[in-house]
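Peer 1: Sequence and predicted structure are below.
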Amino acid sequence: MNKIKYIYKTLLKEYGKQNWWPTILSLDKEGLSLPKKLTQSVCVYDNKNYSYPKTEKQKFEICLGAILTQGTNWVAVEKSLINLSKLNVINPNKILRINEEQLKEAIKPSGYYNQKAKYIVEFTNFFIKLNARTPTREELLSVKGIGKETADSILLYAYKQPVFVIDAYTRKLFGFSKNIEYDKIRIKFEKALPKDYRIYNEYHALIVAKGKSNKNLFAKQTKGNL
DNA sequence: AGCCAGGCTACCG
DNA sequence: CGGTAGCATGGC
């Protein structure tokens, strides 16, 4: 067994299945009326058999989350998503109908709100044009505001495509320095694992769980030499 | 009081 | 090319 697989099994044993992507769509009204200070995730993890997402609306929420979480902690993203949900605009056609100021206000908690509002509008137009078709990676990357990690998160978690997501935690945990190309690392993981979106889904989620726990990093053992 | 959080773009040499 | 400033909020 290669190191990448071994570490996967170790993480799975330590943290258990993560059932990503977290979503607020299945929260009831009570779940949406939260205290001002939200300090931990209230998202529902409802992907036990990897059947999620099914509807376009669910896919759209995942895409919004992927954009909103750029450089931002996830709980802040949930606040923004809850704001959008209260406005009843987690829906591509509806979100274009509110003005940009309202959109900015709603997503303020997750930071960079001027940029992200523009990114969301651009992406939403793109999403509508897809007309329920699965986008290619190149198409996603051509949208302003969608970089490699965001594109791959969307492909993997919204469209169940077998693309491994590389993020800051992956680099930190495995000891890949910043100047190592994103795609090089991605291909390394993809080659070491069965081409199965369910495994990529779990593995990236486990890396985030490990990264958040911020302990027992194994960068020293691997130093990027996987 | 600083540091950090599931990045991306634009621009620099 | 590789490297980095700027973008912004909130919790610790």
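Peer 2: That came in fine, so what should we check first?
Peer 1: Near DNA strand B, which residues of chain A are found?
Peer 2: Neighbours of DNA strand B within chain A, by C-beta under 7 Å from any atom of the strand: A:20-22, A:65-66, A:69-74, A:76, A:111-112, A:115, A:143-151, A:153, A:157, A:167-169, A:208, A:211-212. Where you see a C-beta, it was placed from the backbone N, CA and C, and this is true even at glycine.
Peer 1: Quick one, which of those are buried?
Peer 2: Buried members of those, scored by 16 or more other C-beta atoms under 10 Å, are A:20-22, A:65-66, A:69-70, A:72, A:74, A:76, A:111, A:143, A:145-146, A:148-151, A:153, A:157, A:167, A:169, A:208, A:211.
Peer 1: roughly how far apart are residue A:59 and residue A:23?
Peer 2: Residue A:59 sits at a distance of 10 Å from residue A:23 (criterion: C-beta to C-beta, to the nearest Å).
Peer 1: Over to residue A:195?
Peer 2: 25 Å.
Peer 1: go on, residue A:134?
Peer 2: From residue A:134 to residue A:23 the distance is 19 Å (C-beta to C-beta).
Peer 1: so which residue of chain A comes closest to DNA strand C?
Peer 2: Proximity of chain A to DNA strand C (C-beta to the nearest atom of the strand) peaks at residue A:111, 2.4 Å away.
Peer 1: from what I can see that residue touches residue A:73, true?
Peer 2: No - between residue A:111 and residue A:73 there is no contact under C-beta atoms under 8 Å: 9.1 Å.
Peer 1: so where's chain A shaky on pLDDT?
Peer 2: Scanning chain A for pLDDT under 70 picks out A:26, A:29-32, A:34-36, A:214-221.
Peer 1: in it, which spans are helices?
Peer 2: A:3-15, A:29-32, A:56-68, A:74-86, A:92-95, A:100-107, A:113-130, A:137-141, A:148-153, A:168-174, A:182-192, A:197-213, A:219-222 (DSSP state H).
Peer 1: who wins for proximity to residue A:50 among the ones you listed?
Peer 2: When the helices of chain A are compared by C-beta to C-beta, helix A:197-213 sits nearest residue A:50, at 4.8 Å.
Peer 1: The closest one and DNA strand C, any residue contact?
Peer 2: No - Helix A:197-213 lies out of reach of DNA strand C by C-beta under 7 Å from any atom of the strand, never closer than 12.1 Å.
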